[in-house]
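Trainee: Provided below are the primary sequence and the corresponding predicted coordinates.
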Amino acid sequence: MSTDLPADVEALIGVVQYEERGEFPVERGYIWTTCASVENGNPLFWDDAVAREITDGPIAPPTMLSVWFRPHHWAPNRDEPGLPLQVHFDLKARFELPEAVMSDNTIVFHEPVRPGDVITSRQILRSVSAPKTTKLGTGRFWIIDVEYLNQRDEIVGVESYTGFGYRRNA
């Protein structure tokens, strides 16, 4: 099956892009604020004695994994706003697709994320479909993996995003 994929895009499939170290270490203030905002009273995230017994010390909720790779929108010495998942925005620009949605997100957890960890993320384009027409419009689906590693280069998780970049039908 032909995907009509331009050579420059095909050359990016399977290639690590945008390997970036998090702008701040994992810290408990973020963890407690997130847990409080969703009324997550799991003592694993609040009580050090419980965390020591169950996970050898405090950990961040696994569902916060992507928090640690999202850049602040503004930061000193940055000319452009920080964007997570830059490969997605690159594909939208490359194919001149002004609209996009994420249609799927899957996370596989590995080592726990702990306060003080500094998370590095890297994006890997896995596939780009041939042009498709859906109820939203005409465009392409793409799958991007984001791998997260701690400062010891241990994988802490992998997120897979399926995006659909499209142009609305006239």
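Mentor: On my side now, so go ahead. Nothing here was measured: the structure is a model prediction, and the numbers come from that model.
Trainee: C-alpha only now, for contacts and for neighbours.
Mentor: Noted.
Trainee: can you list the strands that the helix or strand where Gly157 lies pairs with?
Mentor: Assigned by DSSP states H and E, Gly157 belongs to strand 155-167. Strand 155-167 has its sheet partners listed here by DSSP bridges as strand 99-109 (antiparallel), strand 138-149 (antiparallel).
Trainee: please identify the most buried of the ones you listed.
Mentor: strand 138-149 (a mean of 22; mean count of other Cα atoms under 10 Å).
Trainee: residue ranges with poor pLDDT in this protein?
Mentor: 1-3 (pLDDT under 70).
Trainee: quick one: the helices in it, in order.
Mentor: 7-10, 28-37, 48-55, 86-94 (DSSP state H).
Trainee: okay, buried residues for the longest one please.
Mentor: Judged by neighbour count (16 or more other Cα atoms under 10 Å), helix 28-37 contains these buried residues: Arg28, Ile31, Trp32, Cys35.
Trainee: what does stretch 11-23 give?
Mentor: Within stretch 11-23, judged by 16+ other Cα under 10 Å, the buried ones are Tyr18, Arg21, Gly22.
Trainee: what would those residues look like in a markdown table with distance to Ser160?
Mentor: Listed next are the buried residues of stretch 11-23 as a markdown table, based on distance: Cα to Cα, whole Å:
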| residue | distance to Ser160 |
| --- | --- |
| Tyr18 | 15 |
| Arg21 | 19 |
| Gly22 | 19 |
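Trainee: tell me the one of the residues you listed nearest Glu99?
Mentor: Proximity of the buried residues of stretch 11-23 to Glu99 (Cα to Cα) peaks at Tyr18, which lies at 22.1 Å.
Trainee: in this structure the closest one contacts Arg122, no?
Mentor: Yes: with contact defined as Cα atoms under 8 Å, Tyr18 counts as touching Arg122 (5.5 Å).
Trainee: of the buried residues of stretch 11-23, closest to Leu12?
Mentor: Tyr18 (11.9 Å).
Trainee: if I look at that closest one, how far off is Val146?
Mentor: Between Tyr18 and Val146 the distance is 10 Å, computed by Cα to Cα, to the nearest Å.
Trainee: repeat for Phe24
Mentor: 18 Å.
Trainee: same check on Leu136?
Mentor: Where Val146 is concerned, Leu136 sits at a distance of 26 Å (Cα to Cα).
Trainee: can you list the buried residues of helix 28-37 in TSV and add distance to Glu10?
Mentor: Formatted as TSV, those follow (distance: Cα to Cα, whole Å):
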residue	distance to Glu10
Arg28	41
Ile31	39
Trp32	42
Cys35	41
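Trainee: thanks again, I'm all set now.
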